[in-house]
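Asks: Turn this into a model:
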Amino acid sequence: MDLMIAGLEIFMAVGFIGFWIYFFIAENKKPDQREGYLEFERSFPLPDLGWAVPCLILGAIGLIMNEKFGVFFSIAGGSTMVFLGLLDISHNLQYGGYSGEKFEIILNLVVNLFCIIFGPIFMIYGWSNI
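Replies: Just a heads-up that it's a prediction; the model follows:
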């Protein structure tokens with residue numbers, strides 16, 4: 001089970017990185033974005049890439065190596081994902097983030113759902129292995 005959770009953590013970390021590559025290559029340059037969207041999104045690279053991704057990667061490495069720090073960082077990474085996912089959902093519901101281009105809506109929903117589904121899984125798994 002450790003390897004499956006570790007694989008999911010790596011998948012999520014790569015997903016975060018991929019999203020930000022896409023964002024800065026394409027999304028960030030679209031002039032027709034709804035008001036406030038780019039300002040809101042531009043506040044996420046630091047928490048995503050500076051905390052969530054390192055926690056998920058360290059969690060995965062620790063689980064693979066059967067080290068206790070893997071449990072700690074899995075819980076921290078999962079908690080971070082829940083927070084970021086709920087914050088994004090809250091913003092999208094308040095400011096029309098689930099409207100517009102079909103691809104954008106699907107991308108938003110997938111990212112949000114992955115965060116609020118896998119975040120608790122990582123936390124519960126970590127907690128059950130303390």
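
Asks: these two touch, right, P45 and F19?
Replies: No. Contact criterion Cβ atoms under 8 Å: P45 and F19 do not qualify, at 9.7 Å. Every C-beta, even on glycine, is put in place using the N, C-alpha and C of the backbone.

Asks: Comparing the two, which shows the higher neighbour count?
Replies: F19 (19 against 14; other Cβ atoms under 10 Å).

Asks: Which parts of the helix or strand of the chain with the lowest mean pLDDT count as buried, going by neighbours?
Replies: Within the chain, no helix or strand scores below helix 37-41, which has a mean of 89 by mean pLDDT, DSSP states H and E. For helix 37-41, burial by neighbour count (16 or more other Cβ atoms under 10 Å) applies to 37-38, 41.

Asks: just stretch 103-116 next, same as before
Replies: 104, 108, 111-112, 114-116.

Asks: who touches it?
Replies: 12, 15, 19, 81-82, 84-86, 88-89, 92, 97-99 (Cβ atoms under 8 Å, 6 or more residues apart in numbering).
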